[in-house]
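Student: 3D model of this:
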Amino acid sequence: MVEPLGPGDPTEIAGYVLRGKLGEGGMGSVYLSHTRGGQPVALKVIRREFARNPEFLRRFTREVQAAHRVQGAYTAPVIDSGTAGPQPWLASAYVTGPSLADAVFEHGPLPLQPVLLLTAGIAEALQSIHAADVVHRDLKPSNVLLAADGPRVIDFGIARSTEATALTGTDVRLGTPAYMSPEQAQGTPVTSALDVFALGLITHFAATGRHPFGEGDAQALLYRIVSQQPDLTACPGQLHPLVTRCLAKEPAKRPSLAHIIEECHRIAAAEGMTLARSEGWWRPSPSSGGTAQQAAAVSVPSSRPSPGTAPQDGPQAARSAAPDPRRPYEPTALDPRSSDSSGDRQGGAVAARAMPGDDRSERPEPAAADGPGGPATVLSRLFGGPYRRVKVAVVVFLVLASIVTGLLSALGVLEP
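Tutor: Modelled structure (predicted):
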């Protein structure tokens, strides 16, 4: 979602006119702009605090040069950058589509086939990134965009530059706590296998709407990532072995990206599916009902940010006072959108609350067919509507009383 520029936002960076604000993170702000030829770009402007650190600038320049080399079908390529001056920046191709975080929050967990397409696409993106000697280091649902023709991985490699500064504290760990690997959390040397661990977390999140290590503050979550096994109870059985291998504590035991892609194809074939992507590939199908059923079984976490993430990066928000947006719509008898057995929407008749004494199991009598003044119409008006059974009982009582009185009078029991 593009927001208007605020009072503190620049209006132009290195000739790029800023049209609006796309978001804000720990490293800086992201704006919407266009090239001179009209191509939309996402322009990230680095915070001034980072720019004043010489070591950060050196590493940032190196990482941007590496990011320029990344070319892949499932990445948002860096197309321009500026590493000199008071505010370094880089411009990448603008991707139209929600982040995985927002998509799961709005629509619920994805069905199996979109999850396989997502996982295989991200794995292929990581192949392109790693081939350029870049490690993402901050792969998470908000860094995966769902374009019409497939997922796009953004912000690859750039976060490594923050190793040069301790602006966020003395105990600096690079990345987002909820999607760190055990070796990241422990501060030990890392390899590209850390991105495979994050991919396992993302696959589980996409399929369940949950984090396999639970929720809580960053330190508690990092402790569980390092020392405990993930809770894969909610994970679909077809994905369980793959996610388990991706989340191995030891980097050497995690599968290769090529194996992950092949495993996605194998799972799809076993389910009678193909991984041929079409437009709208991730959106829930209204006729399938699969996503709605999955979503109804998933509880909404207590806060929108993922555990340990910054607020702008989290996939879900607290909505305790509002209906769960992921629950399917179910019409009720008091809802004017519900219809009777004939399919006609009788808003007034259906939505009206029953009065005391009403028998709600009884349907309204059909309209009389003898005209507005006929006997059937008169009887229908007398005995229809509220208290119908009470009216019938009163009439029956009066008729019986009249008959009994007549018999008693005829027998001489009652004096005329």
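Student: Low-confidence ranges, the chain, go.
Tutor: For the chain, the stretches with pLDDT under 70 are 157-175, 285-388, 390, 413-416.
Student: Show me how it divides into domains.
Tutor: 12-165+173-282+298-313, 366-416 (automatic domain parsing).
Student: Please identify the deepest-packed of these.
Tutor: Mean neighbours per residue, mean count of other C-beta atoms under 10 Å, is largest over the domains of the chain for domain 12-165+173-282+298-313, with a mean of 19. C-beta: built from backbone N, CA, C; applies to glycine.
Student: Tell me where the stretch 1-150 of the chain has strands.
Tutor: Under the criterion DSSP state E, counting those that start in this stretch, the stretch 1-150 of the chain contains strands at 12-13, 16-17, 20-24, 28-34, 40-46, 78-82, 89-93, 144-147, 150-153.
Student: which outside residues touch the fifth one?
Tutor: Contacting residues not belonging to strand 40-46 are listed as 10, 13, 16, 18, 22, 27-35, 60, 76, 79-80, 87-95, 154-155, 158 [C-beta atoms under 8 Å, 6 or more residues apart in numbering].
Student: what's the angle from it to strand 78-82?
Tutor: 40 degrees (axes from the mean of the first three to the mean of the last three C-alpha atoms, to 10 degrees).
Student: For strand 40-46, list the C-alpha coordinates in CSV.
Tutor: Only the C-alpha atoms of strand 40-46 are listed here, as CSV (Å, rounded to 0.1, in the frame of the first residue of the first chain):
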residue,chain,number,x,y,z
PRO,A,40,8.2,1.9,-11.4
VAL,A,41,10.9,1.3,-8.9
ALA,A,42,11.1,0.7,-5.1
LEU,A,43,13.7,3.1,-3.9
LYS,A,44,15.3,2.3,-0.5
VAL,A,45,16.9,5.2,1.3
ILE,A,46,19.4,4.2,4.0
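Student: What pairs with that strand, parallel or antiparallel?
Tutor: strand 28-34 (antiparallel), strand 89-93 (antiparallel) (DSSP bridges).
Student: Just send these back as CSV, with distance to residue 188 too.
Tutor: Formatted as CSV, the strands paired with strand 40-46 follow (distance: least, C-beta to C-beta, whole Å):
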stretch, distance to residue 188
strand 28-34, 28
strand 89-93, 29
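Student: ok, residue 176 to residue 212 distance?
Tutor: 15 Å (C-beta to C-beta, to the nearest Å).
Student: try residue 60
Tutor: 33 Å.
Student: related to what we said a few turns ago, tabulate the strands of the stretch 1-150 of the chain (CSV), appending distance to residue 102.
Tutor: Compiled in CSV, the strands of the stretch 1-150 of the chain are given as follows (distance: least, C-beta to C-beta, whole Å):
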stretch, distance to residue 102
strand 12-13, 26
strand 16-17, 25
strand 20-24, 11
strand 28-34, 15
strand 40-46, 15
strand 78-82, 23
strand 89-93, 19
strand 144-147, 9
strand 150-153, 13
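Student: Please identify which of these is closest to residue 274.
Tutor: Residue 274 lies closest to strand 150-153 among these, at 14.6 Å (C-beta to C-beta).
Student: list the helices and strands the closest one packs on?
Tutor: helix 112-131, strand 144-147 (3 or more C-beta pairs under 8 Å, 6 or more residues apart in numbering; DSSP states H and E).
Student: how about the helices in this structure?
Tutor: Assigned by DSSP state H, the chain shows helices spanning 48-51, 54-68, 100-107, 112-131, 182-186, 193-208, 218-227, 240-246, 257-270, 290-296, 347-351, 375-383, 388-410.
Student: angle of the second one against strand 78-82?
Tutor: Translated: helix 54-68. Put simply, helix 54-68 runs at 150 degrees to strand 78-82, going by the same axes, to 10 degrees.
Student: now swap in the third one and tell me
Tutor: Between the axis of helix 100-107 and that of strand 78-82 there is an angle of 120 degrees, by the same axes, to 10 degrees.
Student: just checking, residue 275 touches residue 115?
Tutor: No: using C-beta atoms under 8 Å, residue 275 makes no contact with residue 115, being 10.9 Å away.
Student: ok, now how distant is residue 31 from residue 39?
Tutor: In terms of C-beta to C-beta, residue 31 sits 15 Å off from residue 39.
Student: Having no further points to raise, I will conclude here.
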